[in-house]
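**Student:** Requesting a structural model of the entry that follows:
(4 chains)
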2 protein chains.
Amino acid sequence: MRISTAESLIMEALWRRSPLSAEDIVADVGPEQNWSDKTVKTLLNRLLTKQAISATPEGRRYLYAPAIERADYVQEESRGLIDRLFDGRLAPLVSHFAETKQLTADDIAELKRLIRELEEDGQ
Amino acid sequence: MRISTAESLIMEALWRRSPLSAEDIVADVGPEQNWSDKTVKTLLNRLLTKQAISATPEGRRYLYAPAIERADYVQEESRGLIDRLFDGRLAPLVSHFAETKQLTADDIAELKRLIRELEEDGQ
DNA sequence: CTTCCAGGATTACAGGCGTAATCGTCCGGG
DNA sequence: CCCGGACGATTACGCCTGTAATCCTGGAAG
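**Tutor:** Presented below is the predicted three-dimensional model:
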């Protein structure tokens, strides 16, 4: 099942560090989003039913941990976008960013480096 | 206001060609998505209230046309994703695609060409 | 004229989402 | 031994979405 954006913030916290108690997570994302602890608990429960996280009892409470890889999530999200908007190909996206001047010199340098690596690997 | 994914399919049709009557749009996207004409009409109305399209009377009916640029839409969507998942930078996304082996030799060649152009423009 | 139909406008309705509040329970403090 | 509070579980609720169905109106057809 799909992870919503609010839920993904919880996931990010758990991907950064896990396992965490609900309290830890509230402390982590609560202030930033200013969410009440109730909200965080709700999101945790939804993620549980979606089987995106796991909960293991620890005393009177649970410790939560991701049950899916961040890479897989990132994968689906970005492939979805690229398929929807750029005909499934990455280059047009990069091209779009270039045209709309959203690339710094650093970005370009880094891309260049990446491409060189890819070419070397390729052959 | 945000354009939903179903709505975006209507937008794509209008970006391809406009203005179109509701009937045209139904003929265009209906079969593909197998949506009833009712569904398409609903989406058109929602897009109207979101001011994403315009409607001009033509006889007894309307002709619809985009009121926002596809580039702007693409912009928001892709920036949103990159901000959420890749710390706002493009290179990590490209890197992710590379690592997950989602790049063909053609993709790489095209990226290379893009980068070269960017470098030339840059100086 | 009356009727039917095409087309837009309005209404529907279940499920997801953001954001909580309330309920029930068990443990620790007095 | 009883009570309050920490926690998780359950319930709430309005808005957005996907997907239509129904209503209304004015012109076309007979």
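
**Student:** Near residue A:3, how many other residues are there?
**Tutor:** As a burial measure, residue A:3 scores 19 neighbours (other CB atoms under 10 Å in any protein chain shown). Just so you know, the C-beta spots here come from the backbone N, C-alpha and C atoms, and that holds for glycine as well.

**Student:** In chain A, where is pLDDT below threshold?
**Tutor:** For chain A, residues meeting the criterion pLDDT under 70 lie at A:122-123.

**Student:** Tell me where it has strands.
**Tutor:** Listed in chain order, the strands of chain A (DSSP state E) span A:20-21, A:53-58, A:61-66.

**Student:** Which stretch among those strands approaches DNA strand D most closely?
**Tutor:** Closest to DNA strand D of these, according to CB to the nearest atom of the strand: strand A:61-66, at 3.2 Å.

**Student:** With mean neighbour count as extra columns, can I get the strands of chain A in TSV?
**Tutor:** TSV is the format used below for the strands of chain A (neighbours: other CB atoms under 10 Å in any protein chain shown):
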stretch	mean neighbour count
strand A:20-21	18
strand A:53-58	15
strand A:61-66	17
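
**Student:** how about the residues of chain A near DNA strand D?
**Tutor:** Residues of chain A that fall close to DNA strand D, judged by CB under 7 Å from any atom of the strand: A:21, A:22, A:23, A:38, A:41, A:42, A:45, A:60, A:61, A:62.

**Student:** Of these, just the buried ones, ChimeraX syntax please.
**Tutor:** Restricted to buried positions by 16 or more other CB atoms under 10 Å in any protein chain shown, the ChimeraX selection for those reads:
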select /A:22,62
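
**Student:** Filter the residues of chain A next to DNA strand D down to the ones in helices?
**Tutor:** Using DSSP state H, A:22, A:23, A:38, A:41, A:42, A:45 are the members of the residues of chain A next to DNA strand D that sit in helices.

**Student:** quick one: residue A:106 from residue B:89, how far?
**Tutor:** From residue A:106 across to residue B:89, the span is 9 Å (CB to CB, to the nearest Å).

**Student:** typo on my end, residue A:27
**Tutor:** For residue A:27, the distance to residue B:89 - CB to CB - is 28 Å.

**Student:** circling back to that earlier point, who's more crowded, residue A:106 and residue B:89?
**Tutor:** Ranked by neighbour count (other CB under 10 Å), residue A:106 and residue B:89 place residue B:89 first, with 17 against 10.

**Student:** what's near enough to touch the more buried one?
**Tutor:** In this structure, residue B:89 makes contact with A:107, A:110, B:82, judged by CB atoms under 8 Å, 6 or more residues apart in numbering or on different chains.

**Student:** again, 6 Å this time
**Tutor:** Contacts here follow CB atoms under 6 Å, 6 or more residues apart in numbering or on different chains; on that basis residue B:89 touches nothing.

**Student:** thought residue A:14 was touching residue A:69?
**Tutor:** No. Using CB atoms under 6 Å as the test, residue A:14 is too far from residue A:69 to be in contact (11.5 Å).
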